[in-house]
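Visitor: please work out how this folds:
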Amino acid sequence: KQQKEVCNLMITQKIESSQVINQTKDRRLRRERRIDILAERRRLKKAMKEAKRRSMIVDFDNITVTSHGNIQLLESFKLAIGFKDLLEECISLQKGSNSIYSASMLLDCLTDALTLGISRFDHIEVLKNDPGYLLTKGFGRFADESTFRNLFAAMDGGTLEELEVISVALLNKRASFEGPKSVWIDIDDTIITLYGDQENGEIGYNPKKRGRKSYRLRVATIHSTKEVVAMELLGGNASPHGIDGFFEKIMNNLPENYVLEGIRADSGFFSEANLTWIEDQEADYYVKAKKNAVIKRAIEILNEDNCWEELDDTYSIAELRFPLKTWNFARRFVFIKEKMPPKNEKQLELFPTYKYQVIVTKSELPAVEVWREYNKRCDIENCIKELQYGFGGDEASQKVFLKNACFAMCKVIAYNLTLWFKSALLPEEIKSCQAKTLQRKIISVPGNIVNVGGGKKRVRLAPNQWLEGVVQVIKENLKLFFTALLERATIELI
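Guide: Numbering: from 1, shown residues only. Purely as a prediction, here's the structure:
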């Protein structure tokens, strides 16, 4: 008992001493916190005085300011190529007799919005609240968001065909200006994931959002200019096989002074029907082959007989000519063997692993050149990304499938128009800049539009030596562009 009492007494003393220590620490912490609190109060009082000194009165009465100070450069380019006239000629959609805005006027404004990176109807009112933009366009007022929605609600299959005609007309205008050339066409599909209950949305191949409904956007581009020559919106479960109609669309849309040299496509388009169609056009092709049972057996034979030609420590190449089971005749296959790095660099592998790529072609170039030519197809992926990130090509917000197809075609028109603008007017070192860069650094620069007398206006921008040089080059190139168009028109008149 005495021991227990002694132990209890010692424990009690320790507890009391720890409480005293904690109280002492709390007093110290309170003193430190008080010092910090007083310092923060002094900082806030000082900051309030500084903020009050720097604060400005905000007025909402400037009717000449704009967020897009250089939109007038794009407007001048559209005047040069007759873009508005093209819209008026091709669009037959009629608005009501009491409508302020024609269909062609709304599509022209929509093209501006898409070129500026505005791809949603609920964002388009940014232009409505931009008085400088309205001055540039010569508008007294701008259409509401609902007006654009009503425009698309009135569109039908005929409107989609008319939009395609406008896209083709733009291609022909540029082709006639730049002259004849032989071109390669790259074809690829991209998936548009749907986040609503859109018509014709289907569950199909969707590597990023598996199990979600989607659309399949099929795109064909001209490799040298990156222009979209044909576009097709399909259900998410659409098959890439037997796309004769899309091939026909490519040939119909290709400018008359362009000669089809060949087509490049990935394994989704590997079928005898597609290859036969290309061969009938007397064009070349590089198409990635699907590794079916026959292809896999051919790879095994190449490994067994050691028929590979080593290019370096990683890649080897070989070729064979044989028909698949359902084919009418043999075709040339080029095989690429890639040695994969070990999964664990610290641990050696007993047997190295390889990845194989197979390309079917009509070309008689050396096998390694066939591989290099096929790899140029990857540029279409950059074109699709540009269409998605710069113009909202990965969006499909309309419930009706046809309306989504019409909107996708409007985005293609804006995309091709921007490409021509960059190629014709921008300085050489930035011709390949992305649409977002064009918008952020050149077009969408805040400015103020002022009158200088004689009906002329001037845009006042913040000092920017780089932009000043770029705008000067664009204006000089625009004069040369107008002169070249006038000379061409004079020659055709004679």
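
Visitor: buried residues, the strand ranked longest in the chain. List them.
Guide: Looking across the chain with DSSP state E, the single longest strand is strand 181-193. Buried residues in strand 181-193, defined by neighbour count with 16 or more other CB atoms under 10 Å: 183, 184, 185, 186, 187, 188, 189, 190, 191, 192, 193. Heads up, the C-betas are built off the backbone N, CA and C, glycines and all.

Visitor: which helix or strand lies directly C-terminal to the host helix or strand of residue 108?
Guide: Counting by DSSP states H and E, the secondary-structure element that holds residue 108 is helix 103-115. On the C-terminal side of helix 103-115, the closest following helix or strand by DSSP H and E is helix 125-128.

Visitor: quick check: what element follows that following helix along the chain?
Guide: helix 131-137.

Visitor: what helices or strands is that next one leaning on?
Guide: For helix 131-137, the helices and strands in contact under the criterion 3 or more CB pairs under 8 Å, 6 or more residues apart in numbering; DSSP states H and E are strand 65-66, helix 71-81, helix 103-115, strand 447-453.

Visitor: partner strands of the next helix or strand after the longest strand of the chain, parallel or antiparallel?
Guide: Moving toward the C-terminus from strand 181-193, the next helix or strand (DSSP H and E) is strand 202-203. Next to strand 202-203 in the sheet, as set by DSSP bridges, lie strand 213-222 (antiparallel).

Visitor: burial measure for residue 77, as a count.
Guide: Look at residue 77: counted by other CB atoms under 10 Å, it has 21 neighbours.

Visitor: now for it: which residues touch it?
Guide: Residue 77 makes contact with 420, 421, 424, 425, 478, 481, according to CB atoms under 8 Å, 6 or more residues apart in numbering.

Visitor: would you mind listing the buried residues in the host helix or strand of the fifth one?
Guide: For residue 478, the element it lies in under DSSP H and E is helix 465-493. The neighbour-count check on helix 465-493 (16+ other CB under 10 Å) flags 467, 470, 471, 474, 478, 481 as buried.

Visitor: again with stretch 197-217
Guide: 198, 200, 201, 204, 206, 213, 214, 215, 216, 217.

Visitor: and which of those is nearest residue 387?
Guide: residue 217 (8.6 Å; CB to CB).

Visitor: grab the nearest non-local neighbour of that closest one.
Guide: residue 190 (5.1 Å; CB to CB, 6 or more residues apart in numbering).

Visitor: give the rounded mean pLDDT of stretch 359-379.
Guide: The average pLDDT within stretch 359-379 is 93.

Visitor: please begin residue numbering at 308 from this point
Guide: I'll keep to 308 as the first residue from here, and by that count the last item is stretch 666-686.

Visitor: residues in contact with that stretch: which ones?
Guide: 491, 493, 495, 528, 530, 533, 569, 571-573, 577, 582, 585-586, 591-596, 616, 618, 624-626, 638-641, 643, 664.

Visitor: now, the residues you listed that are in helices?
Guide: Judged by DSSP state H, the subset of these located in helices is 582, 585, 586.

Visitor: can you put those residues in a markdown table and add distance to residue 707?
Guide: As requested, the ones in helices among the contacts of stretch 666-686 are exported to a markdown table (distance: CB to CB, whole Å):
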| residue | distance to residue 707 |
| --- | --- |
| 582 | 36 |
| 585 | 34 |
| 586 | 39 |
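
Visitor: restricted to buried residues, select those residues in ChimeraX.
Guide: To isolate the buried subset of the ones in helices among the contacts of stretch 666-686 in ChimeraX, counting by 16+ other CB under 10 Å, use the following:
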select :582,585
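
Visitor: out of the ones in helices among the contacts of stretch 666-686, who's nearest residue 538?
Guide: Nearest to residue 538 among these, counting by CB to CB, is residue 585 at 19.3 Å.

Visitor: gap between the closest residue to that closest one other than its chain neighbours and residue 792?
Guide: If you skip the residues right next to it in sequence, residue 585 has residue 592 as its closest partner in space, 4.7 Å away by CB to CB, 6+ apart. With the distance defined as CB to CB, to the nearest Å, residue 592 ends up 36 Å from residue 792.

Visitor: and what of residue 639?
Guide: Taking CB to CB as the criterion, residue 639 is separated from residue 792 by 45 Å.

Visitor: can you list the low-confidence ranges for the stretch 608-757 of the chain?
Guide: The model of the stretch 608-757 of the chain has pLDDT under 70 over residues 651-657.

Visitor: in it, what residue spans correspond to strands?
Guide: With DSSP state E, counting those that start in this stretch as the criterion, the stretch 608-757 of the chain has strands at 616-617, 622-629, 638-646, 661-668, 754-760.

Visitor: now those as a markdown table including distance to residue 712?
Guide: As requested, the strands of the stretch 608-757 of the chain are exported to a markdown table (distance: least, CB to CB, whole Å):
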| stretch | distance to residue 712 |
| --- | --- |
| strand 616-617 | 47 |
| strand 622-629 | 41 |
| strand 638-646 | 35 |
| strand 661-668 | 31 |
| strand 754-760 | 37 |
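
Visitor: ok, which of these comes nearest residue 433?
Guide: The stretch from the strands of the stretch 608-757 of the chain with the least distance to residue 433 (CB to CB) is strand 754-760; that distance is 15.5 Å.

Visitor: buried ones in the closest one?
Guide: Taking 16+ other CB under 10 Å as the criterion, strand 754-760 shows 754, 756 as buried.

Visitor: circling back to that earlier point, ok, so of the contacts of residue 384, who is nearest residue 687?
Guide: The nearest member of these to residue 687, counting by CB to CB, is residue 727 at 18.3 Å.

Visitor: which non-adjacent residue is nearest the closest one?
Guide: Nearest-residue entry for residue 727: residue 481, 5.1 Å, with adjacent residues in sequence omitted and distances by CB to CB, 6+ apart.

Visitor: just want the angle from the helix or strand hosting the one you found to strand 488-500.
Guide: Secondary-structure assignment from DSSP H and E places residue 481 in helix 464-485. Comparing the axes of helix 464-485 and strand 488-500 via axes from the mean of the first three to the mean of the last three CA atoms, to 10 degrees yields an angle of 140 degrees.

Visitor: contacts for helix 464-485, please.
Guide: Helix 464-485 is contacted by residues 388-390, 393-394, 397-400, 532, 534-536, 538, 559-565, 709, 712-713, 716-717, 719-720, 723-724, 727, 791-792, 795 when judged by CB under 8 Å, 6+ apart.
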